[in-house]
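Novice: Sequence first, predicted model second:
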Amino acid sequence: MRRWAGFAVLLALAGCTTAVSGTARPEPESPPSNLALVDPTRTASVLTAVKTATETVFSYDSAALPAYEKAANENLTPSARDELAKLFAEVRNSAEPIKLVTRVIVSAAVEQTPDKARVLAVLDQSSTRAGATSKGIASVLLATVREGERWRIGEIKVNPAGSPVAPEKPGAGDRAIARVRDSARDGALRAAEALLSLDPADPEGSYARYESVSTGQLLTGFQKDKAAQIARLRSAGTKSAMDPNAAAAVMELVDDKASVLLYATTTVTDASGQATKKYLPVVLRLQNLPEGWKAAGIETVQPLP
């Protein structure tokens, strides 16, 4: 993964200076407050550790309770054990033997420091009871802490909402990478708000918003038959709007492209005025253009085979 070396050099040349004894000197460099993707190898190591812990404690076999309790003690803080006990109450109280297998489909670091991390993850869950198997996916935000060489889960939020992340200070080097990461996250949120919203009473406006945040094949698809696209929007019959505070985390930065994992809640209102909530984990593929980040693709996260 490239680390935006050329972009960092440009920012360094435009960096803030202070006058000392009549000489302009660069502001002392300090690390960014959020280290997610600043060191891709370290972020990948954290995500691997959290993936292992998550798949261990979110899986359950009523025939192997001692092993499960041991894993929970090793991978969860006491408060997180209480949270998971509440989430698993129905599973653990089942009168029939039950086995739950959880696998992480995709994850990304929202925030990372040397000793703490917040990870957004989408989980594939397969439950077997009385010979019948059911599948589903769940989205969680996990607050983790490092204890020695182990990362333990300290907080679990199911169907999470996003929370503000402190903006990075301008600067070169790692701080430049952090600011590009944050601008990609913000660009993904803007694009998702447009792409996940629909107003059949204003199909032209909905189409224009789609077009304004798109590029590449996604834009080509919208423009392929504009009249038909607008007609479909007009006849949709339901209105959709993305709720505020979607949770988002950048998965990857390569050159002028980014992949962002986003968990959004949308409010869908039918023709009779009845509103329902839809929960969408999606991955946005972004391209950084002179006018800012635009979506080149959007994919709904699907269960594992």
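Specialist: Thanks, I have the structure now. Numbering: from 1, shown residues only.
Novice: which is the next helix or strand following the helix or strand encompassing residue 144?
Specialist: Using DSSP states H and E, residue 144 sits within strand 132-147. Counting by DSSP H and E, the element after strand 132-147 in chain order, helix or strand, is strand 150-158.
Novice: on contacts alone, who are the packing partners of the next helix-or-strand element following that following strand?
Specialist: Sequence-wise, the next helix or strand downstream of strand 150-158 (DSSP H and E) is helix 174-195. If you count contacts as 3 or more Cβ pairs under 8 Å, 6 or more residues apart in numbering; DSSP states H and E, helix 174-195 packs onto helix 5-13, helix 203-212, strand 247-254, strand 257-269, strand 275-289, strand 292-300. (Glycine included, C-beta is placed from N, CA and C.)
Novice: I'd like those as CSV, with mean pLDDT, distance to residue 72 and mean neighbour count appended.
Specialist: Output for the helices and strands packed on helix 174-195, formatted as CSV (pLDDT from 0 to 100; distance: least, Cβ to Cβ, whole Å; neighbours: other Cβ atoms under 10 Å):
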stretch, mean pLDDT, distance to residue 72, mean neighbour count
helix 5-13, 26, 43, 13
helix 203-212, 96, 45, 16
strand 247-254, 97, 25, 22
strand 257-269, 97, 25, 20
strand 275-289, 97, 25, 18
strand 292-300, 97, 31, 18
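Novice: now for the ones you listed, which one comes closest to residue 143?
Specialist: Checking these against residue 143 by Cβ to Cβ gives strand 247-254 as the closest, at 12.4 Å.
Novice: Distance from that closest one to the middle of the chain?
Specialist: Distance of strand 247-254 from its chain centroid, counting by Cα atoms, centre = their mean, to the nearest Å, is 7 Å.
Novice: what's the angle between that strand and strand 275-289?
Specialist: 20 degrees (axes from the mean of the first three to the mean of the last three Cα atoms, to 10 degrees).
Novice: Identify the bridge partners of the residue lying closest to residue 162 once chain neighbours are set aside.
Specialist: Leaving aside its chain neighbours, residue 162 sits nearest to residue 247 (4.2 Å; criterion: Cβ to Cβ, 6 or more residues apart in numbering). Per DSSP bridges, the residues bridged to residue 247 are residue 263.
Novice: Go ahead and confirm residue 247 touches residue 164.
Specialist: No. Applying Cβ atoms under 8 Å, one finds residue 247 not in contact with residue 164, separated by 11.6 Å.
Novice: Which elements pack onto the strand holding residue 144?
Specialist: Against strand 132-147 (3+ Cβ pairs under 8 Å, 6+ apart) you get helix 40-57, strand 116-129, strand 150-158, strand 275-289.
Novice: Of those, which stretch is the most buried?
Specialist: Burial of the helices and strands packed on strand 132-147 is given as mean neighbour count (mean count of other Cβ atoms under 10 Å); strand 116-129 ranks first at a mean of 20.
Novice: chain center to that strand, what's the gap?
Specialist: Worked out by Cα atoms, centre = their mean, strand 116-129 lies 13 Å from the chain centre.
Novice: Direction included, what does that strand pair against?
Specialist: strand 98-112 (antiparallel), strand 132-147 (antiparallel).
Novice: returning to what we had before: now distance to residue 234 too, for the helices and strands packed on strand 132-147, in CSV please.
Specialist: Compiled in CSV, those are given as follows (distance: least, Cβ to Cβ, whole Å):
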stretch, distance to residue 234
helix 40-57, 43
strand 116-129, 33
strand 150-158, 36
strand 275-289, 20
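Novice: Looking at those, which is nearest to residue 100?
Specialist: Of these, nearest to residue 100 by Cβ to Cβ is strand 116-129, at 4.9 Å.
Novice: angle of that closest one against strand 257-269?
Specialist: Per the same axes, to 10 degrees, the angle that strand 116-129 makes with strand 257-269 is 60 degrees.
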